[in-house]
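Student: Mind looking at a prediction? Sequence and model below.
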Amino acid sequence: MFTVIGIVVVFGAILAGYLMEHGQLLVLFQPAEFIIIVGASLGTILIANPLPTAIRLLKDSLAVFKPDARSKAFYLENLKMLNDLFGYARKNGLTKLESDVDEPAKSPIFSKYRNFLSNGHAVHFICDTLRMYITAGVDPFDLDQMMELDMEVHHHEAQRPVSALTSTADALPGLGIVAAVLGIVITMGALGGPPEEIGRKVAAALVGTFLGILLCYGLFGPIAARMTSINEADAQYYHVVRVGILAFVRGSTPILAVEFARRAIPSSVRPSFSEMEATCRRGGAAANAEQAAAA
């Protein structure tokens, strides 16, 4: 939402100032210049990046227009999921958890959290880590190293589209100059004609430079920065999960392990301890009610 508002403010302020000086909007409408700049920028993306990165760039660019996924409600749901997971393992033994991590989609624990299951990497991150701890008895220190390595690779891959878009944004002023130079070449061919026609061609050439700079600093650059902040929020989520898992495998009780995870959540979206406790207790009460009804 704020991304859309920001774009409207940027373009609205520029057009408003232009109109205040009695500028004509039709002069800024130069489809040829737009095609040269945008088409060349898309071409540079395809030249510099493999197709999977270009596709992910498109998806991540569209994601900046969606609401923030890592909200307080999101973290409360994931803390509750971790509490259910750790509580089940503490009550029934780690070996009982093996079938859940092997087939999370069929797990009675994970199946209650559809949003979590829709995040394939998060599912693999948790299940693969717990599988190694359950079946191989991996030391908590080594388990921590594996999670850190997974997070580093995931974050590096997530930053590739950002780097691609940032490079394209940096190239836009230069592509605007290319469009302007082509406009000047066309203008030189019209010398000797009516002054009005020459003036229109010079204006069209200057619009190319204007568009290149505007798209760089007013659109592509800010979108790349927004994508970076989304990736950082995503990396913070995996850090929270990592802290919770480490606390549990080191012997902490389920609620204490979840509290460790809660403390790792950024303060802007961190739920209070009472909110976390109430959410986890509601889950336990609901589960007890279901078991009683089944009996």
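Tutor: Everything's here; your move. Residues are numbered from 1 along each chain as shown.
Student: Can you show me the helices along the protein?
Tutor: Remark: helices assigned in the chain by DSSP state H are 2-20, 25-28, 31-48, 51-63, 72-92, 98-102, 114-117, 120-136, 140-189, 195-215, 221-249, 254-263, 273-294.
Student: Hmm, G6 is touching P222, no?
Tutor: Yes: contact criterion Cβ atoms under 8 Å: G6 and P222 qualify, at 6.8 Å. (Each C-beta comes from the backbone N, C-alpha and C, glycine too.)
Student: Which parts of stretch 67-77 count as buried, going by neighbours?
Tutor: In terms of neighbour count (16 or more other Cβ atoms under 10 Å), stretch 67-77 has its buried residues at 70, 74-77.
Student: er, stretch 202-213 actually
Tutor: 202-212.
Student: what about dumping the CA coordinates of it to PDB?
Tutor: Written as PDB, here are the backbone C-alpha positions of stretch 202-213 (Å, rounded to 0.1, in the frame of the first residue of the first chain):
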ATOM      1  CA  VAL A 202      14.600  18.900 -29.200                       C
ATOM      2  CA  ALA A 203      11.900  18.600 -26.500                       C
ATOM      3  CA  ALA A 204      11.400  14.900 -27.300                       C
ATOM      4  CA  ALA A 205      15.100  14.300 -27.100                       C
ATOM      5  CA  LEU A 206      15.300  16.000 -23.700                       C
ATOM      6  CA  VAL A 207      12.300  13.900 -22.500                       C
ATOM      7  CA  GLY A 208      14.500  10.800 -23.000                       C
ATOM      8  CA  THR A 209      17.000  12.100 -20.500                       C
ATOM      9  CA  PHE A 210      14.200  13.100 -18.100                       C
ATOM     10  CA  LEU A 211      12.600   9.600 -18.300                       C
ATOM     11  CA  GLY A 212      15.900   7.900 -17.700                       C
ATOM     12  CA  ILE A 213      16.700   9.800 -14.500                       C
END
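Student: shaky segments in the stretch 51-200 of the chain?
Tutor: Applying pLDDT under 70 to the stretch 51-200 of the chain flags no residue at all.
Student: sorry, back to before: quick one: closest of the helices of the chain to P108.
Tutor: The closest approach between P108 and any of the helices of the chain, judged by Cβ to Cβ, belongs to helix 98-102 at 7.7 Å.
Student: Can you list the helices and strands that that closest one packs against?
Tutor: Identification of packing neighbours for helix 98-102 by 3 or more Cβ pairs under 8 Å, 6 or more residues apart in numbering; DSSP states H and E yields helix 120-136.
Student: What's the separation between the residue of the chain most remote from its centre and I198?
Tutor: Seen from the C-alpha centroid of the chain, the residue lying at the greatest distance (Cα atoms, centre = their mean) is G192, 54.2 Å away. Using Cβ to Cβ, to the nearest Å, one obtains 9 Å as the distance from G192 to I198.
Student: Please apply the same query to L117.
Tutor: As judged by Cβ to Cβ, L117 and I198 stand 64 Å apart.
Student: if I pick the most centrally placed residue in the chain, what's in contact with it?
Tutor: Centroid-nearest residue in the chain: I230, 3.6 Å away (criterion: Cα atoms, centre = their mean). Under the criterion of Cβ atoms under 8 Å, 6 or more residues apart in numbering, the neighbours of I230 are 60, 63-64, 69.
Student: where does Q30 fall, phi/psi-wise?
Tutor: phi -130, psi 80 (degrees, to the nearest 10).
Student: Any chance of the helices of the chain in CSV with distance to P108 as columns?
Tutor: Below are these laid out as CSV (distance: least, Cβ to Cβ, whole Å):
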stretch, distance to P108
helix 2-20, 39
helix 25-28, 60
helix 31-48, 45
helix 51-63, 31
helix 72-92, 9
helix 98-102, 8
helix 114-117, 13
helix 120-136, 15
helix 140-189, 25
helix 195-215, 51
helix 221-249, 19
helix 254-263, 17
helix 273-294, 10
